[in-house]
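Novice: need the 3D shape of this:
(2 chains)
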Amino acid sequence: MDPLFTIISIILILPISLVLGVLYSFLIRKLNARFQWRVGPIIRMYSDLSPVIGSTRIWQPLYDILKLMGKDTVIPGSAHKKLFVYSPYMSLIFSILAIFFIPFPGMPLLSEIPYSLIIASYLIIASIMFTILGPVASGSPWGAIGARREAELFLVAELGFVVSLFSVAIAKNSLSIWTLASNMESLPAILLTLVAGTTMFVAMLGKLHIKPFDMPEAECEIVAGPYTEYSGKLLGTYFLSKVFILYAMVSLFIAIFLPPFSSGFIWLPLYAVAAVLLIFLLAVVQVLNPRYLIRKALLWYLKIVVPLAILSLIVAFAFVLGWMVV
Amino acid sequence: MKYSADAGLVDYVRQELVPEGLDFNALRENRIAVKINAADAVTIADRFVNKYKARLIHETAVDLEGSGFEMVYIYDFSMLKERLVVVLEAKIPKENPSIASIANITWSASWAEREIHDLLGINPIGTPDPRKQFLPYEWPNATESGTAPAQPEKGEKGVKDMWIPLGIAPKDSYATLIPIGPYHPGVIEGQTVYVKVEGETVVSADIKTGYHHRGIQKLIERRGYHKGVFAAERVCGICSPHHGLTYVTACENLYEAEIPDRALYIRSLLLELNRIHSHLLWIGVVADVIGWKTGFHLTWGLRERVMDIIEAITGNRVNYGIWRIGGVSRDVSQELAEKALKTVVPLKAEMAALLPLVAAHSVVQSRLINVGPLSQAEAFDGGAVGPVARASNWKIDVRADNSPHAMYDPKKINWQVITDDHNDTFGRTLVRVKELLVSSDIVAQCLEYLVKNAGEVINEPKMIPVNSEGIGLNEAPRGELVHYVRASEYNNNLPQAYRIRTPSYRNNAVIPKMLVGANLADVPVVMGSTDQCLACTDRVEIINEKDGSVSSMTWDQLLAMSRRAKVIR
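Specialist: Predicted structure coming up:
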């Protein structure tokens, strides 16, 4: 495609992904609240309060981050200073880079290049790696335990993530996200979407710290976990990168498993519906579950996700070998 | 209703239980006070605990000012004779006060002996755990002119190995030691639990309390019986009516109390409503600790409706302020009772439908089953009370054994004691869920009585006699609660001594035992499983470590300190 258009769309995707990421976080918070007999962030502010605090609180997740940006940042004396300070920024940079490789309706961005699937998944992994490295450098025991849990969970969730992505890639014989995203579904491919999509959904729970897989952020057990020593701008940067990761995971899911919703601009309404449905499912899982112990989560993954992943690989190979008509 | 005493019990106690007693005094309601020699305390404790399977309710000491200290041992004999409580009293001199420890016989005396040593300076000789209880470990020993108590010797076998796995102070701590507290998001109140972890598995644990001293016991000793009701209610914010009623029961125990039936029903009604709200609160807290915010909000949503009923009846949500010695201050009108009944019945149906579902959730079960194990023998020796003991299949409930001055008569109210044989946190959850339903039954029956009948709610208070002792027992939501009042020798309106033994005082003592072998993620769950409520007692003193001089702080000085103003001495 036209390089100029690519550059323009790369510039455009930044505000789009920020807005969508904030909206997704808002939606999770609002749905959670409504399921729990709470109000949550108010969509239309009460008339007597609106002159004071604005007419809506839809942007509450963003306000939370902006508030942190204006706070003092404390760097503990026991921390490895460079790693401690740069990790949040690296995490943010990698999460922003990742969204350049994931298509948005009407904007292929960099997803057309041949190995964009591998690049995108590595960038997402890199972003998460820096949420482990920073806490390890903080010198706090809670940070260390939180980082350890994050690493264990990461290893566990990664399996489902990689296998589900690559079983689709194997079946469609391409490593370019754009090719996968614009390839119309044929009827038997829905089977693959179901199996691999479920695996990917479970992996997303771990990556996005949705209950029952939010052990790294279990405040009752390990205070603030990885973020215990972080404050001010550095914490805000971590939260900002989480917003981008949320957007990246949702749009990657839609691009890979629900083609062609991410290809043409005309698919935008369906893309929106799919995103809201996905967020709704995430919120329901979040509401229904307490937190697993990390070793029990691992057992659960071995019992449920590994067979599912193997199944999706088998289905993918079935496509390749022509056992099913593509 | 009038509470009478069994006349033949003194002879039974004299001949059967305590032949070495010096003086026998029959108090009211089958409570017998026996004066003994301090030297006999250990042999008697051994006989009581090992032969009669009696339970030590509390051990405390009273400062007799000029003539020394008096050790007070309160034993529960309700399984032998109805409502029988034996109070042993042994006098010890003021100079170099010491008493042989009974904590080697029953571990439940350990915390009490540490507290006595902290607050009165009486040295328990041979106690397995001589560390400070409420004071900081580093606190200088002012009462003993600077000499520290002997540290426990290493390598001994026995009680110590079972209950004190980690005999260390914070200064001896190592890298593997994780302090949970004094203030930690998983536990609401201030306490420190030191856990020693290998990986994420707890190999050893220890608990330190003493962050909540407010001096309520002393306050009541200075204020007189009738004002004490309101101070006693403020011991705890969650089970405040239980503290208020237990205090009232102890005071009514001092004289021949006669309480109108309607007052008894109102008392039961409020106690059980409080139990419902407290258990719902606990389920919510545990749901929050295991990361289930939805469970937290659901149970607290139900709880809010119970709080509304309480508010409609008493006018208050937390400290009801309607207990009076001799009855209650405020009647529940028949219309109000009818209205409350209409709220309680659907609420019970909703809880009966919802809570078993919560308990059946597979992830909830995976977080609770086999977490914080406590066998029945350990529960008995450690002195666990309330739902913790009942979840270890030990049928102990003060309402049934030695009921407070409220309506728990099985002939008039149909209810039963809940036990469970899971011996773990899941069992504690089930016990509380079932107790909620039993409590709502009791509430409904009380309300039905209040709708149908009318009558007085308070009798004219009588003069409280001098030289008497009263014991109030009650089943608070967390377990057995004891208030001990000793009337003054000359003043009709002031107690000489007043002691509170809260259920968490006992249950917290067994927490380190339950923690060993748990995952670090389970530590807040185990700590939460006893439903802690840390109400303690102390006065504020400043001790100059160099010369040992003691000075007290006045209220103004504390206020000035809290405002960071200049402290005036």
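Novice: helix/strand/coil for the residue in the stretch 201-326 of chain A that chain B sits nearest to?
Specialist: Residue nearest to chain B within the stretch 201-326 of chain A: residue A:291 (2.9 Å; C-beta to the nearest C-beta). Placement of C-beta: from N, CA and C, glycine included. Here residue A:291 is coil, with the state taken from DSSP: H, G, I helix; E, B strand; the rest coil.
Novice: with adjacent residues omitted, what lies nearest to it?
Specialist: residue B:291 (2.9 Å; C-beta to C-beta, 6 or more residues apart in numbering or on different chains).
Novice: neighbours of that neighbour, just the number please.
Specialist: 24 (other C-beta atoms under 10 Å in any protein chain shown).
Novice: and what of residue B:93?
Specialist: Residue B:93, neighbours per other C-beta under 10 Å, totals 11.
Novice: thought it was touching residue B:68?
Specialist: Yes: contact criterion C-beta atoms under 8 Å: residue B:93 and residue B:68 qualify, at 4.8 Å.
Novice: how about the residue of the stretch 51-200 of chain A at minimum distance from chain B: what's its closest non-neighbour residue?
Specialist: Among the residues of the stretch 51-200 of chain A, residue A:141 lies closest to chain B, at 6.3 Å counting by C-beta to the nearest C-beta. Of all residues not flanking residue A:141 in the chain, residue B:178 sits nearest, at 6.3 Å (C-beta to C-beta, 6+ apart).
Novice: correct me, but the one you found touches residue B:198?
Specialist: No: counting by C-beta under 8 Å, residue B:178 stays clear of residue B:198, with 11.3 Å between them.
Novice: pick out whichever of the two has more residues nearby.
Specialist: Neighbours around residue B:178 and residue B:198, counted as other C-beta under 10 Å, are more numerous at residue B:178. The numbers are 19 against 9.
Novice: check contacts around residue B:407.
Specialist: Each residue near residue B:407 by C-beta atoms under 8 Å, 6 or more residues apart in numbering or on different chains is listed here: B:261, B:264, B:265, B:267, B:268, B:413, B:446.
Novice: go again with 7 Å.
Specialist: B:264, B:265, B:268, B:413, B:446 (C-beta atoms under 7 Å, 6 or more residues apart in numbering or on different chains).
Novice: and residue B:77, by the same measure?
Specialist: Taking C-beta under 7 Å, 6+ apart, we find residue B:77 in contact with B:54, B:84, B:85, B:86.
Novice: burial count for the third one?
Specialist: For residue B:85, the neighbour count with other C-beta under 10 Å is 23.
Novice: once you drop chain neighbours, what's closest to it?
Specialist: residue B:31 (4.6 Å).
Novice: need the phi and psi values for the one you found.
Specialist: Per-residue torsions, residue B:31: phi -100, psi 130 (degrees, to the nearest 10).
Novice: separation between it and residue A:138?
Specialist: 59 Å (C-beta to C-beta, to the nearest Å).
Novice: of those two, which one has the most company?
Specialist: Just comparing residue B:31 and residue A:138: by other C-beta under 10 Å the higher neighbour count belongs to residue A:138, 27 against 22.
Novice: ok, for the more buried one, nearest residue in space, not its chain neighbours?
Specialist: Distance criterion C-beta to C-beta, 6+ apart; nearest residue to residue A:138, sequence neighbours excluded, is residue A:229 at 3.9 Å.
Novice: ChimeraX command for the buried members of the contacts of residue B:77?
Specialist: Command for ChimeraX that selects the buried part of the contacts of residue B:77, burial taken from 16 or more other C-beta atoms under 10 Å in any protein chain shown:
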select /B:54,84,85,86
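Novice: same list (the contacts of residue B:77) but as CSV, adding distance to residue B:62 and pLDDT.
Specialist: Shown next, in CSV, are the contacts of residue B:77 (distance: C-beta to C-beta, whole Å; pLDDT from 0 to 100):
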residue, distance to residue B:62, pLDDT
B:54, 21, 88
B:84, 22, 87
B:85, 17, 89
B:86, 17, 90
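Novice: still on that earlier bit, what's the neighbour count on the residue of the stretch 51-200 of chain A closest to chain B?
Specialist: When neighbours are defined as other C-beta under 10 Å, residue A:141 has 17 of them.
Novice: okay, now the residue in the stretch 1-150 of chain A positioned nearest to chain B: neighbour count?
Specialist: Relative to chain B, the nearest point of the stretch 1-150 of chain A is residue A:36 (3.8 Å; C-beta to the nearest C-beta). Residue A:36 has 18 neighbours, counted by other C-beta under 10 Å.
Novice: helix, strand, or coil at the closest residue in space to it that isn't next to it in sequence?
Specialist: Of all residues not flanking residue A:36 in the chain, residue B:297 sits nearest, at 3.8 Å (C-beta to C-beta, 6+ apart). With three-state DSSP as the basis, residue B:297 sits in helix.
Novice: which residues of the stretch 201-326 of chain A lie near chain B?
Specialist: Contacts of the stretch 201-326 of chain A with chain B, taken as C-beta under 7 Å from any C-beta of the partner chain, map to A:211-212, A:214, A:218-221, A:223, A:287-293, A:296.
Novice: now with 10 Å, please.
Specialist: The stretch 201-326 of chain A has residues A:211-212, A:214-215, A:217-224, A:286-297, A:299-300 near chain B, with proximity defined as C-beta under 10 Å from any C-beta of the partner chain.
Novice: using PyMOL, define a selection of the buried residues within the residues you listed.
Specialist: Of those, the buried ones can be selected in PyMOL as follows, counting by 16+ other C-beta under 10 Å:
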select buried, chain A and resi 211+212+214+215+217+218+219+220+221+222+223+224+286+287+289+290+291+292+293+294+296+297+300
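Novice: right, and the helix or strand after whichever strand or helix holds residue B:341?
Specialist: Following DSSP states H and E, one finds residue B:341 within helix B:334-360. Next helix or strand after helix B:334-360 toward the C-terminus (DSSP H and E): helix B:362-368.
Novice: what residues does that following helix touch?
Specialist: Among residues not part of helix B:362-368, those counted as contacts by C-beta atoms under 10 Å, 6 or more residues apart in numbering or on different chains are A:211-212, A:288-293, A:296-297, A:299-300, B:286-287, B:289-292, B:295, B:357-359, B:361, B:422, B:424-430, B:519, B:521-522, B:525, B:529.
Novice: narrow those residues to those in helices?
Specialist: The helices, defined by DSSP state H, take in A:288, A:296-297, A:299-300, B:286-287, B:289, B:295, B:357-359, B:425-430, B:525, B:529 from the contacts of helix B:362-368.
Novice: name the residue of chain B that lies nearest to chain A.
Specialist: Residue of chain B nearest chain A, by C-beta to the nearest C-beta: residue B:291 (2.9 Å).
Novice: picking up where we left off before, what's the mean pLDDT across the helix or strand containing the residue nearest to residue A:141?
Specialist: In this assignment (DSSP H and E), residue B:178 forms part of strand B:177-180. Here strand B:177-180 scores 72 as its mean pLDDT.
Novice: which residues in the stretch 51-200 of chain B form strands?
Specialist: Secondary structure of the stretch 51-200 of chain B (DSSP state E, counting those that start in this stretch): strands at B:55-63, B:69-76, B:85-92, B:98-100, B:123-125, B:177-180, B:192-198.
Novice: can you get me a residue count around the closest residue to residue B:460 other than its chain neighbours?
Specialist: Counting by C-beta to C-beta, 6+ apart, residue B:460 lies nearest to residue B:326, which is 7.0 Å off, once chain neighbours are set aside. By other C-beta under 10 Å, 20 other residues sit near residue B:326.
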